[in-house]
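Asker: After the sequence you'll find the predicted model.
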Amino acid sequence: MYKPAISAKKMNEIIEGTIDAIEKGKNEIFEIAESARNECKSLEKELEDIKFKATKIINEVDSLEILEKRSRTRLAIVSRNFKQFTEEDIKVAYEEANGLKVKILLKRQEEKDLIKQRSDLEKRLKASYEVVKRAENLVSQVGVAMGYLSGNLKNVSEQLEDIQQKEAVGIKVIRVQEEERQRVAREIHDGPAQSMANVVIKAEICEKLFDRDMEKAKSQLTELKDIVRGSLKDVRKIIYDLRPMSLDDLGLIPTVQRFILNFEEDAKVDVNFSVNIQNEDIDSITQLSVFRIIQESLNNIRKYAKASMVVIKLETVHNRINLLIIDDGIGFDPQRKLSTNKGESGFGLFIMKERVELLKGKIEIKSNEGKGTRIKVAIPLKNMEGQ
């Protein structure tokens, strides 16, 4: 009778031990990243202080050079007309000129020292930024490994037969999740989090101004109100990007139409949207994926394409949903974007491709520089009756 080299129970124990070890490593990486971030903040503050001191020294040197030039002129006059001046006058003029010269030399040396300190700090700051970047990449990679191990291999005894297939799909899903979490975290940090910090500062300013200058306090309150409105708008945008509620309430077509109207208003680009949906019974995952592809495409057009016209066609044919997006923008090299996966547009195309492939669909991206872009997507529809 065949006996496996290692039992499923033992495999689970090994995996659990691995997960614990990775979790500890992940915590240590977090600590390294946090320490590097604190080091960056400290170095940035120190660098600002050095720059301030250097500027001050430069100004002092300029002032001393003017005074030194005057004192040399005075010394020359006294020396030429020694009959009109006493020895004490000549001595004072000489000492003044010499003293200023010494001060200038000392200040210039101090300036050189500050420039060297600034250069050293900039190198250290660059190295600290690199540590933070590498630590964040490691955290992302460890997050993928943790999600895979804890989510897909906890009950390995039930998955041994089809583990290779689930491995490929699982890694794709987790990668997309991790990248999406990073994007949302970045948006919150750069948007609402910064706005909330400004709200606190403005509130403190208002509090101090209430008893001193009511008009300025009112002005600060107006700015505070604008900041809160902007923050609220950012939060709503983040929520909408995570999951547009209208997709559940109204369906795919009204949600796309609403997004296109907002796009036309913001980007000042005309969109010709045509629909031929024979069957409204489209599963929610496919609806969301189609919407995301349209959303990502229009966002890329707004940021990079410089287009004046966009055509979007959406139809269902032979149990398949087809999507066509065409723009007359500046175009790009799809192979280079997808292979390097650099920048927001490259990452957006990569995620778009991942979404379609996970739904067993096909995507075709054609673009040439100066000739616009054409994105064609075909996704098979699930048999809703059999679900």
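Answerer: The structure has been received and is ready for your questions.
Asker: secondary structure class for residue 18?
Answerer: helix (DSSP: H, G, I helix; E, B strand; the rest coil).
Asker: and it, how far is that from residue 142?
Answerer: In this view, residue 18 and residue 142 are 12 Å apart by C-beta to C-beta, to the nearest Å. For glycine as for every other residue, the C-beta is placed from the backbone atoms N, C-alpha and C.
Asker: Could you check which of those two is surrounded by more residues?
Answerer: Set residue 18 next to residue 142 and count neighbours by other C-beta atoms under 10 Å: residue 142 wins out with 18 against 14.
Asker: Show the pLDDT at the more buried one.
Answerer: At residue 142, the model reports a pLDDT of 72.
Asker: can I assume it sits in a helix?
Answerer: Yes: according to three-state DSSP, residue 142 belongs to a helix.
Asker: Begin at 522 from now on, thanks
Answerer: In the new numbering, first residue 522, that becomes residue 663.
Asker: Could you tell me how many residues sit around the residue nearest to it when sequence neighbours are not counted?
Answerer: Of all residues not flanking residue 663 in the chain, residue 547 sits nearest, at 4.6 Å (C-beta to C-beta, 6 or more residues apart in numbering). Per other C-beta under 10 Å, the neighbour tally for residue 547 reads 17.
Asker: Now do the domain split for the chain, please.
Answerer: 529-681, 686-763, 766-907 (automatic domain parsing).
Asker: Show me how far the last one is from its chain's centre.
Answerer: The one in question is domain 766-907. Centre-to-centre, domain 766-907 and its host chain are 23 Å apart (C-alpha atoms, centre = their mean, to the nearest Å).
Asker: ok, residue 652 to residue 769 distance?
Answerer: From residue 652 to residue 769 the distance is 43 Å (C-beta to C-beta).
Asker: wait, residue 829
Answerer: Distance, residue 829 to residue 769, using C-beta to C-beta: 34 Å.
Asker: What of residue 789?
Answerer: 30 Å.
Asker: So between those two, which is more surrounded?
Answerer: Per other C-beta under 10 Å, whichever of residue 789 and residue 769 has more neighbours is residue 769, with 12 against 9.
Asker: so what's that one up against?
Answerer: Residues counted as contacts of residue 769 (C-beta atoms under 8 Å, 6 or more residues apart in numbering) are residue 805.
Asker: again, only this time at 7 Å
Answerer: Applying C-beta atoms under 7 Å, 6 or more residues apart in numbering, we find residue 769 in contact with no residue.
Asker: Check which residues of the strand or helix carrying it are buried.
Answerer: Here residue 769 sits within helix 767-770, counting by DSSP states H and E. Burial within helix 767-770, assessed by neighbour count using 16 or more other C-beta atoms under 10 Å, is assigned to 767-768.
Asker: Just the CA atoms of that helix, as CSV, please.
Answerer: Extracted in CSV, the C-alpha atoms of helix 767-770 (Å, rounded to 0.1, in the frame of the first residue of the first chain):
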residue,chain,number,x,y,z
SER,A,767,-24.5,52.2,-7.2
LEU,A,768,-23.3,49.0,-8.8
ASP,A,769,-25.4,47.0,-6.3
ASP,A,770,-28.3,49.5,-6.2
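Asker: for the helix or strand just after it, packing partners?
Answerer: As assigned by DSSP H and E, the chain's next helix or strand after helix 767-770 is helix 773-788. Packing partners of helix 773-788 (3 or more C-beta pairs under 7 Å, 6 or more residues apart in numbering; DSSP states H and E): helix 767-770, strand 791-797, helix 805-821.
Asker: How about residues contacting helix 773-788?
Answerer: Contacts for helix 773-788 (C-beta under 7 Å, 6+ apart): 765, 767-768, 791-792, 794, 796, 798, 803, 808, 811-812, 815-816, 819, 823.
Asker: can you rerun that using 8 Å?
Answerer: 765, 767-768, 790-792, 794, 796, 798, 803, 808, 811-812, 815-816, 819, 822-823, 833, 835.
Asker: what's the angle between that helix and strand 791-797?
Answerer: Going by axes from the mean of the first three to the mean of the last three C-alpha atoms, to 10 degrees, helix 773-788 is angled at 170 degrees with respect to strand 791-797.
Asker: Helix 773-788 - what's its average pLDDT?
Answerer: Per-residue pLDDT over helix 773-788 has a mean of 91.
Asker: Give me the buried positions along that helix.
Answerer: Buried, per 16+ other C-beta under 10 Å, within helix 773-788: 773, 776-777, 780-781, 784, 788.
Asker: Nearest to residue 709 among these?
Answerer: Residue 709 lies nearest to residue 780 out of the buried residues of helix 773-788, by C-beta to C-beta, at 21.5 Å.
Asker: So that closest one versus residue 813, what's the distance?
Answerer: 11 Å.
Asker: Check residue 872 too.
Answerer: On the measure of C-beta to C-beta, residue 872 and residue 813 end up 8 Å apart.
Asker: between the two, which one's more packed in?
Answerer: Between residue 872 and residue 813, counted using other C-beta under 10 Å, residue 872 has the larger neighbour count: 19 against 16.
Asker: Let me know the helix or strand that the more buried one is in.
Answerer: Going by DSSP H and E, residue 872 is part of helix 864-879.
Asker: what are the ranges of the helices in the chain?
Answerer: 529-601, 608-673, 684-709, 715-730, 735-763, 767-770, 773-788, 805-821, 855-861, 864-879 (DSSP state H).
Asker: Next, format the ones you listed as TSV and append distance to residue 894.
Answerer: Listed next are those as TSV, based on distance: least, C-beta to C-beta, whole Å:
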stretch	distance to residue 894
helix 529-601	37
helix 608-673	29
helix 684-709	22
helix 715-730	33
helix 735-763	22
helix 767-770	25
helix 773-788	15
helix 805-821	8
helix 855-861	8
helix 864-879	10
